[in-house]
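**Student:** Just to be clear, the model below is a prediction. Sequence and coordinates:
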Amino acid sequence: MERLDAARVASVLARVAEARPRVQCLTNTVAQNITANMLLAFGAIPSMAIHVDEVAAMAEGAGAILINIGTINAESELAIPKLLEVARDRGKPLVFDPVFVELSPLRRHIAGQVLRLPDILVRGNATEMATLSFDLAAARGATRVTTGKVDRIESGAASFAVAHGHPLMTRVTGIGCAAGALIAACCAVEPDKAVAAAAALTAYGIAGEIAAERCRGPGSFEVELIDAVAAMDAATLAARMEARQ
Amino acid sequence: MERLDAARVASVLARVAEARPRVQCLTNTVAQNITANMLLAFGAIPSMAIHVDEVAAMAEGAGAILINIGTINAESELAIPKLLEVARDRGKPLVFDPVFVELSPLRRHIAGQVLRLPDILVRGNATEMATLSFDLAAARGATRVTTGKVDRIESGAASFAVAHGHPLMTRVTGIGCAAGALIAACCAVEPDKAVAAAAALTAYGIAGEIAAERCRGPGSFEVELIDAVAAMDAATLAARMEARQ
Amino acid sequence: MERLDAARVASVLARVAEARPRVQCLTNTVAQNITANMLLAFGAIPSMAIHVDEVAAMAEGAGAILINIGTINAESELAIPKLLEVARDRGKPLVFDPVFVELSPLRRHIAGQVLRLPDILVRGNATEMATLSFDLAAARGATRVTTGKVDRIESGAASFAVAHGHPLMTRVTGIGCAAGALIAACCAVEPDKAVAAAAALTAYGIAGEIAAERCRGPGSFEVELIDAVAAMDAATLAARMEARQ
């Protein structure tokens, strides 16, 4: 597995900051706030429409789409096919986050539908990705992002490992969900989805390392993480990536 | 355009702190938490009912009503007419926040319905207010609040400019939405809606200036902003308003 | 009324940290984020399913169930009977939080239905508990937890008073709602619900005292409270409980 070099990560981030892509997020209500704040800190724009009668309109002008089923409800279930249609017809990058798919037959069913769309990016933890292994193997052109102590990113063309981050990132709700949104923001400016994911997760993981040094628990960690994402720059990326090698 | 003097701002805030008005907020799920916390920091009480079968009952005893369409869904769409009815029949102040109205025909349609109610207060950014210019021109007795680098407040009787605040206020999700709730809290105690809005935005903007001096990014800015709103007093208002002239 | 000793509180907390119970929370969208973060800081796992077609599946493997009606909507209303069924058939501990029940006939109706289930734990403030006094008197085996300056916990077998906490705990939205989730986590590992509630509220109240010493307003209080819950240990419990006697 490759590692992205700092200049390439910085290049993706610079394009996000310049283009300020809007990410249309159909995401869980627990993580909406931190997801929106991470996108803003990253230089992107969040929109969180859910209504079946407008979700397509909101997605059409967006740079990327995020679908996260953490608090799927009857209405967001109906909105998902509308978003899949926009992603397909307009060629919008789509990031799918199958939260807790191992706990619910309904989520497995929905995940199966989403994974029929070619060229999507799926981000999950090891349990979620294992639960979906059958559907993932059949998915055409899917980019698979398995986050954990080391994040693993695999597409047909490339594979990357990202070894940044901190255990506190799993102790604050929504930090994993927000990672999906940052990946989506990078997909809006970088056509190679594996590179986009590796760039987002490298920057986010390094921000997590910085935040962990400054906090004294999960509450202050979240605050410091948002600050560290907003302050991320090429010099910090280069220094931290070199130190980790 | 006038500016409110510090004594008048302080008088509105003192009445909020004494009356502790409840604001019934039908607001977006991204901003609910920060909206509730800002209302509490301001001395008001949030309630966030959404169910069609109770939203009128919850609004009847409230001091003011907020409608924010940032994550409008099928159920909250049905709740809006119930809230408009209570506002009209009981003469409750109503603040409307047309989030992202420029992106969605559904939102324009809903905004058109809300703006048929006389005497409402509309708060939006320049793009949102421009999108609604036709409806706003036809709205009877509407108070128009356009927030930005300088906030502009216009009613039939008066117009105010508020030049406080900080750019970080646009980099944290829900800060603008919470402004609508603070305006609603002030409308519960101050019959002149333009004065109420100017008082809320002056205090909030000054809190933003204080928070910006103390933070090192958008994460810590949000924390400091809540603290600064809670600590706001007449002396701080007077000192900051004088310094800005 | 008894007070729990520090060793017993520490024993319940140690069992939560070891078992890491998942708490299936049907809770209000304002408090979801802080509820999830408090559960994680406490060593438990949050899940926040709401969809009628999966809420039972999500609850079946959980250690306890929380129902909070702060933003009850048409869908969560339908999900409640499914959760009551799982609680009854699988003997899962169920904590019920009747937010603002005094303001809405719909909430009183729903509360009446929930209180028909035997052996539930109800947590509310004095107004909410008084509104439900008739139903509570008829409820079989209910544990009644009335939070306030002194928390009072009453079951058929025992009664406890908890005199920890800080007034700032009422000035941040969701802190009371999160208390219900922490009680649920303790009920997953401690069969005596009154002991579970007393342990959760003692630890939470002490964390509130520590956070109040470190903050300068409600914004920083929330951050410090999460940190203090995550750092809670037997020595801190013993020292603070002794100091209060």
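**Tutor:** Happy to help now that I have it.
**Student:** since we're on A:Ala130, how many residues are nearby?
**Tutor:** Using other CB atoms under 10 Å in any protein chain shown as the criterion, A:Ala130 is surrounded by 14 other residues. Glycine gets a C-beta too; all of them are placed from N, C-alpha and C.
**Student:** and chain A, which residues reach chain B?
**Tutor:** Where chain A comes near chain B, counting by CB under 8 Å from any CB of the partner chain, the residues are A:29, A:32-33, A:36-37, A:40-41, A:46-54, A:57-58, A:61, A:75, A:222-228, A:230-231.
**Student:** looking at it, A:Glu75 is touching A:Ile50, isn't it?
**Tutor:** Yes - using CB atoms under 8 Å, A:Glu75 is in contact with A:Ile50, at 6.3 Å.
**Student:** rewinding a little: give me the subset of the residues of chain A next to chain B that lies in helices.
**Tutor:** Residues from the residues of chain A next to chain B lying in helices, with DSSP state H as the criterion: A:32-33, A:36-37, A:40-41, A:57-58, A:75, A:222-228, A:230-231.
**Student:** Need the residues touching each of A:Glu75 and A:Ile50.
**Tutor:** With contacts taken as CB atoms under 8 Å, 6 or more residues apart in numbering or on different chains, the residues that reach both A:Glu75 and A:Ile50 are B:Asn73.
**Student:** ok, the residue nearest to A:Pro105 when sequence neighbours are not counted - how many residues close by?
**Tutor:** Taking CB to CB, 6 or more residues apart in numbering or on different chains, and ignoring the residues beside it in sequence, A:Pro105 has C:Ala57 as its nearest neighbour in space, at 6.4 Å. Residues lying near C:Ala57 (other CB under 10 Å) number 18.
**Student:** now do the one 3 residues further on
**Tutor:** A count of nearby residues for C:Glu60, using other CB under 10 Å, gives 13.
**Student:** quick one, what contacts it?
**Tutor:** When the contact criterion is CB under 8 Å, 6+ apart, the partners of C:Glu60 are C:86, C:90.
**Student:** From chain B, how far off is A:Thr131?
**Tutor:** As judged by CB to the nearest CB, to the nearest Å, A:Thr131 and chain B stand 27 Å apart.
**Student:** Contact partners for the nearest residue to that residue once chain neighbours are set aside?
**Tutor:** Distances taken as CB to CB, 6+ apart put A:Glu102 closest to A:Thr131, at 4.3 Å, once the chain neighbours are dropped. When contacts are counted by CB under 8 Å, 6+ apart, A:Glu102 touches A:127-128, A:130-131.
**Student:** can you confirm A:Glu102 is in a helix?
**Tutor:** Yes - according to DSSP: H, G, I helix; E, B strand; the rest coil, the state of A:Glu102 is that of a helix.
**Student:** so A:Ala239, which of the three states?
**Tutor:** The three-state label for A:Ala239, taken from three-state DSSP, comes out as helix.
**Student:** Count the residues that sit near it.
**Tutor:** Quick note: A:Ala239 (other CB under 10 Å) scores 12 neighbours.
**Student:** Comparing A:Glu75 and A:Ile50, which residue is more hemmed in?
**Tutor:** A:Ile50 (24 against 18).
**Student:** what does chain A have sitting close to chain C?
**Tutor:** A:28-31, A:33-34, A:70-75, A:77, A:100, A:103-107, A:171-174, A:215-220, A:222-223.
**Student:** try it again with 6 Å
**Tutor:** For chain A, the residues in contact with chain C (CB under 6 Å from any CB of the partner chain) are A:29-30, A:33, A:71-74, A:103-104, A:106, A:171, A:173, A:216-220, A:223.
**Student:** what about the strands in chain A?
**Tutor:** Using DSSP state E, the strands assigned to chain A run over residues A:22-26, A:45-47, A:64-68, A:94-97, A:121-124, A:143-146, A:151-154, A:159-162.
**Student:** Quick check: chain neighbours aside, which residue is closest to the spatially most central residue of chain A?
**Tutor:** Nearest to the centroid of the C-alpha atoms of chain A, with distances taken as CA atoms, centre = their mean, sits A:Gly180, at 1.4 Å. For A:Gly180, ignoring the flanking residues on the chain, the nearest one in space by CB to CB, 6+ apart is A:Asp97 at 4.3 Å.
**Student:** Tally up the residues packed near the one you found, please.
**Tutor:** Taking other CB under 10 Å as the criterion, the count of residues near A:Asp97 is 31.
**Student:** how close does it get to chain B?
**Tutor:** The gap separating A:Asp97 from chain B is 17 Å, by CB to the nearest CB.
**Student:** Also A:Gly148?
**Tutor:** A:Gly148 sits 24 Å away from chain B, taking CB to the nearest CB as the criterion.
**Student:** Low-confidence regions, chain A specifically.
**Tutor:** Residue ranges of chain A with pLDDT under 70: A:245.
**Student:** Determine the longest helix present in it.
**Tutor:** Ranked by residue count and defined by DSSP H, the top helix of chain A is helix A:193-214.
**Student:** Quick check: the gap between the residue nearest to A:Asp151 when sequence neighbours are not counted and chain C.
**Tutor:** Spatially, and ignoring its direct neighbours in sequence, A:Asp151 is nearest to A:Val162 (4.1 Å; CB to CB, 6+ apart). In this structure, A:Val162 lies at 23 Å from chain C, with CB to the nearest CB as the measure.
**Student:** burial count for A:Val162?
**Tutor:** 26.
**Student:** Contact partners for the closest residue to A:Ala238 other than its chain neighbours?
**Tutor:** Of all residues not flanking A:Ala238 in the chain, A:Ala6 sits nearest, at 4.1 Å (CB to CB, 6+ apart). The neighbourhood of A:Ala6, defined by CB atoms under 6 Å, 6 or more residues apart in numbering or on different chains, consists of A:237-238, A:241.
**Student:** Now with 10 Å, please.
**Tutor:** A:202, A:206, A:234-242 (CB atoms under 10 Å, 6 or more residues apart in numbering or on different chains).
**Student:** same thing with A:Gly43?
**Tutor:** A:13-21, A:185, A:229-230, A:232, B:171 are the contacts of A:Gly43 under CB under 10 Å, 6+ apart.
**Student:** Buried by neighbour count, from those: which ones?
**Tutor:** A:13, A:15-16, A:20-21, A:185, A:229-230, A:232, B:171 (16 or more other CB atoms under 10 Å in any protein chain shown).
**Student:** Dump these to TSV, plus distance to B:Lys193.
**Tutor:** Conversion of the buried ones among the contacts of A:Gly43 to TSV gives the following (distance: CB to CB, whole Å):
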residue	distance to B:Lys193
A:Leu13	43
A:Arg15	44
A:Val16	40
A:Arg20	34
A:Pro21	37
A:Ala185	38
A:Val229	38
A:Ala230	35
A:Met232	42
B:Arg171	28
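**Student:** Look through chain A and report the residue furthest from the middle.
**Tutor:** Most remote from the centre of chain A, using CA atoms, centre = their mean: A:Arg216, at 26.1 Å.
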